[in-house]
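Asks: for reference, the sequence and a predicted model appear below.
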Amino acid sequence: MGSKSATERALNYLRRAPRVTLTDVRDNPGARTKGRLVRKKDNMAGQQYNDLRGAGKPPLGWIWGDFYKPWQRIYPGATFFNQDINLRREYPPLSLLELQRLIDLGWLDPSLPIDLTALCNTRQYRCDPSLRQFGVQLTDEGASVFAAKVNLEGASVFAAKVNLEVQWASETAIAAVERAGGVVTTAYYDPIALTAAVDPLKWFEKGEPIPRRHSPPADLIGYYTDARHRGYLASPPAVEAARSELALKIGYALPDRTDDAQHDMLAARKDPLQVFFGLAPGWVVNLADQTLLKPKNPRLLHYYSGRLDASKDS
């Protein structure tokens, strides 16, 4: 019986031909598949329709609408990717270049101590405690620019001397600030104190007392008690010894701060329980009357001074 069409005759020829099978002339899987693309307004990254609709969720790394809510936060149930999402601490970075820019533009006053509250009040730096962000990470980007600048006459002049309090800092960033005559301190904020520090106006409007800072968790005690990291729980003599050791290691001379006009500002440090400069824990800021309300109850004084006896208050 003869073939009915040219296609069948060709297939019969291939079946009888040696060393050639139908598999040899078959297209690769997916070679002729043309996926349907989603409209541009619905899919800015260009994934195929089935990739988005079939799986019911965006692909790995997809950011849907909100820059601060990426895929791993929208779908926290994916344990292979988010098994420690509720425990992971994040520290939004702040480079030395950005810090110098904020000072040059007048957003920050170098004659006053600069902490998390001062940075967040500029509205140029964002820290959201609801996203497990625990403060400022000082990076060494722009360290050469921050450490020394050149004026119009060609002479090398140092950048602004700052009293800086951050939550995490690299060794190079610390060296750049101290070479310019400044001071760096790394300090821990618990979530409640952090909420008050990032938006003090909102906290004061609620009429709540200023919280006290709690001690760091067990895995951070070593960092904040280490003078090499300029921890706020380290002893001042150990910090001065670490400053000299770092200057010798990097290769620069520490400026003399004893005769500096800004000596008092550079020497200012918060109490380990203190959240704001000049305001003690337990005080209530009355914005309407512009007054400060201080506690007088002995139990409150003991609690906010950090000398609470748990056995008496149980």
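Replies: That came through fine.
Asks: what about Arg257, distance to Arg230?
Replies: 15 Å (C-beta to C-beta, to the nearest Å). Where C-beta positions appear, they are placed from N, C-alpha and C, glycine not excepted.
Asks: where along the chain do the strands fall?
Replies: 93-95, 137-139, 148-150, 156-158, 163-166, 168-169, 183-186, 284-286, 291-293 (DSSP state E).
Asks: for those, give me CSV that also has mean pLDDT and mean neighbour count.
Replies: Converted to CSV, the strands of the chain look like this (pLDDT from 0 to 100; neighbours: other C-beta atoms under 10 Å):
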stretch, mean pLDDT, mean neighbour count
strand 93-95, 91, 19
strand 137-139, 92, 21
strand 148-150, 53, 13
strand 156-158, 51, 11
strand 163-166, 92, 26
strand 168-169, 92, 22
strand 183-186, 93, 22
strand 284-286, 90, 15
strand 291-293, 90, 12
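Asks: out of these, the one nearest Arg243 is which?
Replies: strand 183-186 (8.9 Å; C-beta to C-beta).
Asks: contacts for that closest one next, please.
Replies: Around strand 183-186, the neighbours that count as contacts under C-beta atoms under 8 Å, 6 or more residues apart in numbering are 138, 162-169, 173-174, 177-178, 223-224, 229-232, 266-267, 269.
Asks: ok, which stretches of the stretch 51-200 of the chain are helices?
Replies: According to DSSP state H, counting those that start in this stretch, the stretch 51-200 of the chain carries its helices in the segments 71-74, 79-82, 96-104, 116-121, 143-147, 171-179, 191-198, 200-205.
Asks: export the ones you listed to JSON lines and tack on mean pLDDT?
Replies: Below are these laid out as JSON lines (pLDDT from 0 to 100):
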{"stretch": "helix 71-74", "mean pLDDT": "59"}
{"stretch": "helix 79-82", "mean pLDDT": "60"}
{"stretch": "helix 96-104", "mean pLDDT": "88"}
{"stretch": "helix 116-121", "mean pLDDT": "92"}
{"stretch": "helix 143-147", "mean pLDDT": "74"}
{"stretch": "helix 171-179", "mean pLDDT": "90"}
{"stretch": "helix 191-198", "mean pLDDT": "92"}
{"stretch": "helix 200-205", "mean pLDDT": "92"}
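Asks: closest one to Pro129 among those?
Replies: helix 191-198 (4.8 Å).
Asks: how far off centre is the closest one?
Replies: Remark: helix 191-198 is offset 14 Å from the chain centroid, using C-alpha atoms, centre = their mean, to the nearest Å.
Asks: with just CA atoms, put that helix into CSV.
Replies: Written as CSV, here are the backbone C-alpha positions of helix 191-198 (Å, rounded to 0.1, in the frame of the first residue of the first chain):
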residue,chain,number,x,y,z
PRO,A,191,13.0,47.1,69.9
ILE,A,192,11.1,49.3,72.3
ALA,A,193,13.9,51.8,72.7
LEU,A,194,14.5,51.7,69.0
THR,A,195,10.9,52.6,68.2
ALA,A,196,11.2,55.7,70.4
ALA,A,197,14.6,56.6,68.9
VAL,A,198,13.7,56.5,65.2
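Asks: give the buried residues for that helix.
Replies: Ile192, Ala193, Leu194, Thr195, Ala196, Ala197, Val198 (16 or more other C-beta atoms under 10 Å).
Asks: same check on stretch 119-139?
Replies: By neighbour count on 16+ other C-beta under 10 Å, the buried set for stretch 119-139 is Leu119, Cys120, Tyr125, Cys127, Pro129, Gln133, Phe134, Gly135, Val136, Gln137, Leu138, Thr139.
Asks: just stretch 222-234 next, same as before
Replies: Tyr223, Tyr224, Asp226, Ala227, Arg228, His229, Arg230, Gly231, Tyr232, Leu233, Ala234.
Asks: that stretch - what's its average pLDDT?
Replies: Per-residue pLDDT values across stretch 222-234 average out to 92.
Asks: so Val284 bridges to which residues?
Replies: Residues in a beta bridge with Val284, per DSSP bridges, are Leu293.
Asks: dump the strands of the chain into JSON lines; add distance to Gly106 as well.
Replies: Formatted as JSON lines, the strands of the chain follow (distance: least, C-beta to C-beta, whole Å):
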{"stretch": "strand 93-95", "distance to Gly106": "17"}
{"stretch": "strand 137-139", "distance to Gly106": "21"}
{"stretch": "strand 148-150", "distance to Gly106": "17"}
{"stretch": "strand 156-158", "distance to Gly106": "19"}
{"stretch": "strand 163-166", "distance to Gly106": "17"}
{"stretch": "strand 168-169", "distance to Gly106": "24"}
{"stretch": "strand 183-186", "distance to Gly106": "21"}
{"stretch": "strand 284-286", "distance to Gly106": "25"}
{"stretch": "strand 291-293", "distance to Gly106": "28"}
